[in-house]
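>>> sequence first, then the predicted structure:
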Amino acid sequence: MNAFRKLLLAPLVMGVVSPLAGQAQSLDMGSVNRYQDQQDIDRMRAIEAQMGQVTSVSQFSDVQPTDWAYQALSNLVTKYGCVAGYPNGTFKGKQAMSRYEAAALL
């Protein structure tokens with residue numbers, strides 16, 4: 001008798017599950033892409049918030065006037081104002097930068 005009940009309930013269960021399966025196939029990829037883009041934007045804003053804009057290279061505790069890149073950094077700050085550092089007052093010139101940091105800097 002139990003097997004007979006299962007056979008009677010199968011069409012009912014399939015009637016409930018089938019529309020849900022159809023909805024899963026019609027996933028809006030535009031929404032997925034917009035969500036991913038917003039996630040990327042949020043990550044870049046977080047990096048920008050962590051980085052602090054400087055007005056002079058001397059604000060960096062890890063950049064000395066004797067460093068080979070000091071003059072180049074100084075020129076970037078003076079001419080373009082496009083150099084940013086970390087909240088702890090460092091530039092971390094020997095550390096590789098991520099693509100997010102490059103995008104935030106640009």
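Yep, that arrived. Numbering: from 1, shown residues only.
>>> and the helices in the protein?
2-25, 29-50, 70-75, 99-105 (DSSP state H).
>>> which outside residues touch the third one?
With CB atoms under 8 Å, 6 or more residues apart in numbering as the contact definition, helix 70-75 has outside contacts at 56-57, 60, 63-64, 83, 91, 93. Glycine gets a C-beta too; all of them are placed from N, C-alpha and C.
>>> ok, residue 44 touching residue 100?
Yes - at 5.6 Å, residue 44 counts as touching residue 100 under the criterion of CB atoms under 8 Å.
>>> for PyMOL, write the select line for the buried members of the contacts of helix 70-75.
For the buried members of the contacts of helix 70-75, the matching PyMOL selection, counting by 16 or more other CB atoms under 10 Å, is:
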select buried, resi 57+60+63+83+91
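>>> what is the neighbour count of the residue nearest to residue 88 when sequence neighbours are not counted?
Excluding its sequence neighbours, the residue lying closest to residue 88 (CB to CB, 6 or more residues apart in numbering) is residue 61, at 7.9 Å. Neighbourhood size, residue 61 [other CB atoms under 10 Å]: 11.
>>> how about residue 59?
Neighbours of residue 59 under the rule other CB under 10 Å: 16.
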